[in-house]
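Peer 1: What follows is a predicted structure for the sequence shown.
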Amino acid sequence: MDVKTALDQMFQDLKDPSGEYGLKEKVMQEEYLIHGELKTWRGEFLEVRSPICEKTGDHFERKVIGAFPQLSQKESLEILDSSLAAYQNGCGVWPMMTVQERIDCMETFLLEMLEVKKFVVKMIMWEIGKSLADANNEFDRTVAYIRDTIEALKDLDRQSSRFIKEGGIIAQVRRAPFGVVLCMGPFNYPLNETFATLIPALIMGNVVIFKPPKLGVLLYQPLLKAFQKAFPPGVVNVVYGRGVNVVGPLLETGKIDSLAFIGTSKVADTLKHQHPKPHRLRCVLGLDAKNPAIVMEDADMELAVQEVLLGALSFNGQRCTALKIIFVQQNIAAEFNRRLTASIGLLKIGLPWEEDVRITPLPENNKIEDLQRLVADAQAHGAQVINDFGGEAKETFFYPAVLYPVNEKMKVYHAEQFGPVIPIVPFADMETPLRYIVESNYGQQVSIFSQNPQLIATLVDQLVNQVCRVNINSQCQRGPDIFPFNGRKDSAEGTLSVTDALRAFTIRTLVAAKENEPNKEIIRKILKDDLSNFISTDIIL
Ligand code: G3H
């Protein structure tokens, strides 16, 4: 089907897909999880509208697919009380469990989670418009992340199951939890990036309050039951509702020990400032980014085009790691643009469950208008949309727009578009992209495309001191999850990866004694009679 026909037919005769990914009825999230109880909510609800539109009379409307509770400050503070009771100043059932016991609970949760994969994947498609392939990938990647986290914890525990003798002191060092962790993930990875912080925080002995992202809420319905079944009461609680009603009050108590937030730096700043004890609150933040690609004249052009395509348009450009500005050496720009726009023309557009679909509707309210304004501003300052159908919209669908030539007067040069708009900046000398990176408020990643080892080496040595990952002839990305994921400036605080996340939600704590015979005898007795979880040389195999 050509692009024009596909655009014309978008949302026409929307029939729910038959079979396993159909949505026969609305998903009504009527309960929230507090202290091991799925409590029925009798107050106000917020309707969930899918980015998938349906025809109503002579116009299209976003399909209503369910609703979830709008808790108030009162419930939010009750949830905090439950979490504090579960943590019990570090003496609760969960923080006092052995590592093996916590792993057992996590494995129970994983089994329950695997049972509900189809529902979760279906809701990722309906709630945020992610393609079936990407939604499956998000689920599978999360499962792999949980398994890898369990293995990393066993490894960490093995390393900690020994004593250190130094300068007449005998000590054992382990990582201890902070207390109550508030986890908030983003809409673009509603499952994966919420669990990327929730799972390590939890398994290390913290208790967790989590708030599902603004979009991607209903998918948690069966997972609440899984949390309820797998963990002691209060160890995982969930808040639903507007941040101002449920998150602000939590932070203002000063009783949240750690904030894990993935979203915008603006919201992160607000949240941090709501906490009255800035030194108590440990933050792990994944924030804005405007990752550039730099395409040099000697680049393998076809490879560069395909990587830029992936980098800029995977999940419609709605990734913090997306390539959001493309610097192309002037003398190859015409050929690069020709090949890039031709490749975009081949991408299948449509609804998430359509086979091989690459570009899908966008879930955020007013997103189409925001992108249109960005394109119009670039045009007003001299750029053109250089691909066929670029920027054409239908309801919640926006066809990718390639803008050329882009310069610093345009908003799209600076702003994170978080959508299918590709700004291309021609450059004559390396100073242009390098200055851009130095002056940028962001510092997450960069992609460089060249076949010249000397040039690549020189750029790498400069760029590693500006961003946190330099990708050679490859798009920017977070994974594999074993690699550190972080950023400089407004792009992040703290580092995530399977192993780093275990460290991020804990603090190294030690038990130490002067190395004399009475002390050694006490330690021997504790070890022999298995009197402590902390002072222990037991090894998890
Ligand atoms: O949205 C930000 C994500 O961390 C990007 O992850 O590179 O695996 O798509 P990804």
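Peer 2: Thanks, I have the structure now.
Peer 1: Can you tell me how far the closest residue in space to residue 537 that isn't next to it in sequence is from residue 151?
Peer 2: Of all residues not flanking residue 537 in the chain, residue 161 sits nearest, at 5.1 Å (CB to CB, 6 or more residues apart in numbering). Placement of C-beta: from N, CA and C, glycine included. Going from residue 161 to residue 151 by CB to CB, to the nearest Å gives 16 Å.
Peer 1: where does residue 62 fall, helix, sheet strand or coil?
Peer 2: strand (DSSP: H, G, I helix; E, B strand; the rest coil).
Peer 1: can you tell me the helix or strand for the nearest residue to it once chain neighbours are set aside?
Peer 2: The shortest distance from residue 62 to any non-neighbouring residue, by CB to CB, 6+ apart, is to residue 49 (3.9 Å). Using DSSP states H and E, residue 49 maps to strand 45-56.
Peer 1: on that earlier part again, am I right that the residue nearest to residue 537 is in contact with residue 538?
Peer 2: Yes - judged on CB atoms under 8 Å, residue 161 makes contact with residue 538 at a distance of 6.3 Å.
Peer 1: Pull up the pairing partners for the strand holding residue 49, direction included.
Peer 2: strand 59-69 (antiparallel) (DSSP bridges).
Peer 1: buried set for the strand it pairs with?
Peer 2: 60, 62-63, 65-69 (16 or more other CB atoms under 10 Å).
Peer 1: Out of these, the closest to residue 239 would be?
Peer 2: Of all these, residue 239 sits closest to residue 69, with 9.2 Å by CB to CB.
Peer 1: The closest residue to the closest one other than its chain neighbours: how many residues sit nearby?
Peer 2: Take residue 69 and drop its neighbours on the chain: the residue closest to it by CB to CB, 6+ apart is residue 41, 3.8 Å away. Look at residue 41: counted by other CB atoms under 10 Å, it has 17 neighbours.
Peer 1: Contacts only, for residue 41.
Peer 2: 30-32, 69, 71, 240 (CB atoms under 8 Å, 6 or more residues apart in numbering).
Peer 1: do the same with residue 259
Peer 2: 181-182, 184, 251, 271-272, 275, 281-285.
Peer 1: Could I get the phi/psi values of it?
Peer 2: Dihedral pair for residue 259: phi -120, psi 120, per degrees, to the nearest 10.
Peer 1: What's opposite it in the beta bridge?
Peer 2: Bridge pairing for residue 259 - DSSP bridges - gives residue 182, residue 283.
Peer 1: ok, back up a step: just checking, the residue nearest to residue 62 touches residue 66?
Peer 2: No - counting by CB under 8 Å, residue 49 does not reach residue 66; the two are 9.4 Å apart.
Peer 1: Which positions in stretch 342-362 come out as buried?
Peer 2: 343-344, 347, 349-353, 357-362.
Peer 1: By proximity to the ligand, which residue of the stretch 151-300 of the chain wins?
Peer 2: residue 188 (5.0 Å; CB to the nearest ligand atom).
Peer 1: sorry, back to before: could you export the buried residues of strand 59-69 as TSV, including distance to the ligand and pLDDT?
Peer 2: Formatted as TSV, the buried residues of strand 59-69 follow (distance: CB to the nearest ligand atom, whole Å; pLDDT from 0 to 100):
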residue	distance to the ligand	pLDDT
60	28	93
62	23	96
63	25	94
65	23	96
66	24	98
67	26	98
68	23	98
69	27	98
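Peer 1: wait, which of the residues you listed is closest to residue 373?
Peer 2: residue 62 (20.3 Å).
Peer 1: Which strand residues bridge the closest one?
Peer 2: residue 53.
Peer 1: Could you report the separation of it from residue 285?
Peer 2: 30 Å.
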